[in-house]
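Trainee: Test case, fold it:
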Amino acid sequence: MNDVEKATVSYLDRWTTTIRYQPKFKIRRPDKVVTMNNYFSVGCDALLALNFHRQRESKPHWFTNRVINKAWYLVFGAKDVLEQGCKNLQKKIELELDGQKIDLPDLEGIVVLNISSWGAGVELWKGTGQQKYAPASHSDNLVEIAGFYSSFHMARIQGGLADPVRLGQAKTVKVKLKLYFH
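Mentor: Residues are numbered from 1 along each chain as shown. Got it, this is the predicted structure:
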């Protein structure tokens with residue numbers, strides 16, 4: 001309780017995230033607007049989270065503690081290493097940061113972060129990145145955008161054996177799906 005009494009206020013950026021659906025047969029669905037506090041991802045990271053969620057919803061008794069949950073993430077990650085369900089992500093999406101289109105390398109995942117940690121506490125923005133960026137902050141009106149070459153690359157990052165692909169920092173991010181996948 002002493003730690004709470006000595007704590008200071010820390011501000012957290014909140015981001016409006018708009019999901020704009022492409023019209024089908026000249027019928028347009030309404031936009032979906034949500035608030036992002038932590039992060040969102042596209043590609044292999046999102047696929048692992050979706051597979052974990054679906055399995056936990058269908059068989060909650062298989063997800064009884066943190067160790068077992070991490071083991072399930074390992075299973076879904078290993079499955080994706082073999083299947084590569086998000087291979088060639090750069091051909092399936094377009095990424096714009098502050099209005100500038102980003103030429104993406106051969107990636108399987110992208111994460112947009114408002115906080116410094118991801119994936120059970122990994123600090124993605126620390127390390128030996130080749131380009132110089134400002135330090136990550138949850139109250140600087142910027143998000144950090146990082147990429148993953150594969151699910152195996154994500155595992156190496158979590159083990160401290162690799163760095164993510166730092167794609168940039170921005171005030172506005174646009175991710176456009178060019179092709180449907182999963």
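
Trainee: In PDB, list the C-alpha atoms belonging to stretch 56-68.
Mentor: Provided in PDB are the C-alpha atoms of stretch 56-68 (Å, rounded to 0.1, in the frame of the first residue of the first chain):
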ATOM      1  CA  ARG A  56     -10.000 -20.300 -24.900                       C
ATOM      2  CA  GLU A  57     -13.600 -19.400 -25.700                       C
ATOM      3  CA  SER A  58     -14.400 -23.000 -26.900                       C
ATOM      4  CA  LYS A  59     -12.500 -24.800 -24.200                       C
ATOM      5  CA  PRO A  60     -12.000 -22.600 -21.100                       C
ATOM      6  CA  HIS A  61     -11.000 -25.500 -18.900                       C
ATOM      7  CA  TRP A  62      -7.800 -25.800 -21.000                       C
ATOM      8  CA  PHE A  63      -6.700 -22.300 -19.900                       C
ATOM      9  CA  THR A  64      -6.400 -22.500 -16.100                       C
ATOM     10  CA  ASN A  65      -3.200 -20.500 -15.300                       C
ATOM     11  CA  ARG A  66      -0.500 -18.300 -16.800                       C
ATOM     12  CA  VAL A  67       2.000 -21.100 -17.500                       C
ATOM     13  CA  ILE A  68      -0.500 -23.200 -19.400                       C
END
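
Trainee: Give the buried residues for that stretch.
Mentor: Neighbour counts using 16 or more other Cβ atoms under 10 Å place no residue of stretch 56-68 among the buried ones. (Each C-beta comes from the backbone N, C-alpha and C, glycine too.)

Trainee: Contacts for that stretch next, please.
Mentor: For stretch 56-68, contacts defined as Cβ atoms under 8 Å, 6 or more residues apart in numbering pick out 55, 69, 72.

Trainee: Can I get the buried part of those as one ChimeraX selection?
Mentor: Applied in ChimeraX, the following selects the buried portion of these according to 16+ other Cβ under 10 Å:
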select :72
